[in-house]
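Novice: no FASTA, just this:
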């Protein structure tokens, strides 16, 4: 298997752009294969605040800003295999090659079965699926969110545990809020290589286990010496979380999602196209307890992130000349992103998500589309100009319509959840699919459908 396929989170091309980001985020003088991951750290933002406050429901409750689904395909039915490092088959890669592909200390290939939940189910209020849209996450998100049971308990209230034996191959701190650029209390991003092709991921950890942090501090993850990773055992407490959501994802580098028309556009976050549904890898008891906490009630329960359908509006788009997913500017890489995708919790509804709505750099927004009309899957290059009114949206529990939004008195796991488009209009999106596969798009904040009849010089061209 080529190292291109095995390219994980830490392996990103050493460009001047990355050097600038790493310097800004870490004040480090040297960029190596581990410190590059700081760039990815800077991309993550705590969606707990975004999800809880970006959209107000009619009753003033907090709610999700938007979402999308993830048909993250588990490659095949997972099979049991030894998770003891000594018993795993040799990967055929030298230490040097392991470092080059980024999973330092890994052994073997293939998937593993998990034996422990990332958090104790009783410590979790609910799970949000892959595919959520929120703020700077303009395209469907490649990880899910564990919401702690009681956010009022503050930081470090709950344990986070390794779900199976492995090696912490990447461990990076973050001290800024990416959306705002403001400093914040330190959070941690962690990648555990269970084999050289199968990893799990945590982010937004509010603290590390003291022994793990002490080990990391010896070299600061490779910036001050040779980084060899940190072995962990299934069930070992690796950190803590509180007062915000925990990011969690699983990636299989022997699997590639089929719903991205141009996978190369995601090379800067190369794990994204290898996202897999984690639930089949948990024992039935754990899987059931986690699914009982999942907001998304439709299959696949984990969600879906890859929605590209050639010849239609559906999926992700990138403004031409902005370097695909990576973006053209270090600070707000999402500025050139656009997504027209189904909602994560209610995939019968479509969402319009854009990285620059108002013209202010990086002003990311998510909207509903009234009546989902015209159907993005029915639009082709022969359709001509189409207009979408962009409106606010909120969730409601159809089994108890007195509960809406995602606040304490809002929707709950197990509810029949529907996305409701509100009456407040925020503007218009004018779009036209072109015969060459590109998309012309222009947004008109604050305008009504009758105000918009054609593109202006401000229109932008997007590609897959």
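Specialist: Noted; the coordinates are in hand. Quick caveat: nothing in here was measured; it's all calculated off a predicted structure.

Novice: quick one: find the helix or strand in the protein with the lowest mean pLDDT.
Specialist: When the helices and strands of the chain are compared on mean pLDDT, DSSP states H and E, strand 62-63 comes out lowest with a mean of 28.

Novice: what about stretch 324-344, distance to the chain center?
Specialist: 12 Å (CA atoms, centre = their mean, to the nearest Å).

Novice: which of the residues in it are buried?
Specialist: Buried positions in stretch 324-344, judged by neighbour count with 16 or more other CB atoms under 10 Å: 324-327, 329-330, 332-344. C-beta coordinates here come from the backbone N, C-alpha and C atoms, glycine included.

Novice: point out where the protein drops to low pLDDT.
Specialist: 1-102, 179 (pLDDT under 70).

Novice: which residue comes closest to the most centrally placed residue in it once chain neighbours are left out?
Specialist: Nearest to the geometric centre of the chain sits residue 141, at 2.8 Å (CA atoms, centre = their mean). Using CB to CB, 6 or more residues apart in numbering and skipping residues adjacent in sequence, the residue nearest residue 141 is residue 132, 4.9 Å away.

Novice: number of residues surrounding that neighbour?
Specialist: For residue 132, the number of neighbouring residues by other CB atoms under 10 Å comes to 30.

Novice: gap between it and residue 375?
Specialist: Applying CB to CB, to the nearest Å, the value for residue 132 to residue 375 is 22 Å.

Novice: what of residue 249?
Specialist: 30 Å.

Novice: before we move on, what about residue 186?
Specialist: Distance of residue 186 to residue 375, computed by CB to CB: 45 Å.

Novice: ok, which stretches of the stretch 151-300 of the chain are helices?
Specialist: For the stretch 151-300 of the chain, applying DSSP state H, counting those that start in this stretch gives helices covering 210-217, 284-291.

Novice: what's the closest of the ones you listed to residue 409?
Specialist: Among the helices of the stretch 151-300 of the chain, the nearest to residue 409 by CB to CB is helix 284-291 (23.4 Å).

Novice: helices or strands up against the next helix or strand after that closest one?
Specialist: Using DSSP states H and E, the helix or strand that follows helix 284-291 towards the C-terminus is strand 315-319. Where contact means 3 or more CB pairs under 8 Å, 6 or more residues apart in numbering; DSSP states H and E, strand 315-319 is packed against strand 337-342, strand 460-463.

Novice: any chance of those in JSON lines, with distance to residue 110 too?
Specialist: Converted to JSON lines, the helices and strands packed on strand 315-319 look like this (distance: least, CB to CB, whole Å):
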{"stretch": "strand 337-342", "distance to residue 110": "31"}
{"stretch": "strand 460-463", "distance to residue 110": "35"}
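
Novice: so which of the ones you listed comes closest to residue 169?
Specialist: strand 337-342 (27.8 Å).

Novice: okay, angle between that closest one and strand 315-319 too, please.
Specialist: 170 degrees (axes from the mean of the first three to the mean of the last three CA atoms, to 10 degrees).

Novice: touching stretch 201-216 from outside, list them.
Specialist: The contact list for stretch 201-216 (CB atoms under 8 Å, 6 or more residues apart in numbering) reads 9, 41, 44, 46, 48, 118, 143, 155-156, 160, 168, 171, 185, 187-192, 230, 232, 236-251, 271.

Novice: of these, grab the buried ones for PyMOL.
Specialist: For the buried members of the contacts of stretch 201-216, the matching PyMOL selection, counting by 16+ other CB under 10 Å, is:
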select buried, resi 9+41+44+46+48+118+143+160+168+171+187+188+189+190+191+192+230+232+236+238+239+240+241+242+243+244+245+246+247+248+249+250+251+271
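
Novice: I'd say residue 183 and residue 175 touch.
Specialist: Yes. Contact criterion CB atoms under 8 Å: residue 183 and residue 175 qualify, at 5.9 Å.

Novice: so between these two, which is more surrounded?
Specialist: It is residue 175, of residue 183 and residue 175, that has more neighbours when counted by other CB under 10 Å, with 14 against 9.

Novice: pull the number of nearby residues for the residue nearest to the more buried one when sequence neighbours are not counted.
Specialist: Leaving aside its sequence neighbours, residue 175 sits nearest to residue 186 (CB to CB, 6+ apart; 5.4 Å). By the criterion of other CB under 10 Å, residue 186 has 13 neighbours.

Novice: got JSON lines for the helices of the stretch 151-300 of the chain, with mean neighbour count and distance to residue 416 too?
Specialist: Output for the helices of the stretch 151-300 of the chain, formatted as JSON lines (neighbours: other CB atoms under 10 Å; distance: least, CB to CB, whole Å):
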{"stretch": "helix 210-217", "mean neighbour count": "14", "distance to residue 416": "41"}
{"stretch": "helix 284-291", "mean neighbour count": "15", "distance to residue 416": "15"}
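
Novice: please, where are all the strands along the stretch 351-464 of the chain?
Specialist: For the stretch 351-464 of the chain, the strands defined by DSSP state E, counting those that start in this stretch occupy 365-368, 386-397, 417-433, 439-445, 460-463.

Novice: now those strands as JSON lines including distance to residue 149 and mean neighbour count?
Specialist: As requested, the strands of the stretch 351-464 of the chain are exported to JSON lines (distance: least, CB to CB, whole Å; neighbours: other CB atoms under 10 Å):
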{"stretch": "strand 365-368", "distance to residue 149": "27", "mean neighbour count": "26"}
{"stretch": "strand 386-397", "distance to residue 149": "19", "mean neighbour count": "21"}
{"stretch": "strand 417-433", "distance to residue 149": "20", "mean neighbour count": "19"}
{"stretch": "strand 439-445", "distance to residue 149": "39", "mean neighbour count": "19"}
{"stretch": "strand 460-463", "distance to residue 149": "41", "mean neighbour count": "18"}
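
Novice: so which bits of stretch 108-125 are buried?
Specialist: Under 16+ other CB under 10 Å, the buried positions of stretch 108-125 are 108-119, 121, 123-125.

Novice: which one of the residues you listed is nearest to residue 410?
Specialist: Looking across these and measuring by CB to CB, the closest to residue 410 is residue 125, at 11.0 Å.

Novice: so the closest one sits against residue 147, correct?
Specialist: Yes. Between residue 125 and residue 147 there is a contact at 4.4 Å, judged by CB under 8 Å.

Novice: buried ones in stretch 259-275?
Specialist: 259-261, 263, 265-275.

Novice: should've said stretch 161-179
Specialist: 161-174, 176, 178-179.

Novice: which ones among the residues you listed map onto strands?
Specialist: Among the buried residues of stretch 161-179, the residues falling in strands (DSSP state E) are 161, 166-174, 176.

Novice: quick revisit: any idea how far the residue nearest to residue 175 lies from residue 155?
Specialist: 10 Å.

Novice: overlap in contacts of the two?
Specialist: In contact with both residue 186 and residue 155: no residue, using CB under 8 Å, 6+ apart.
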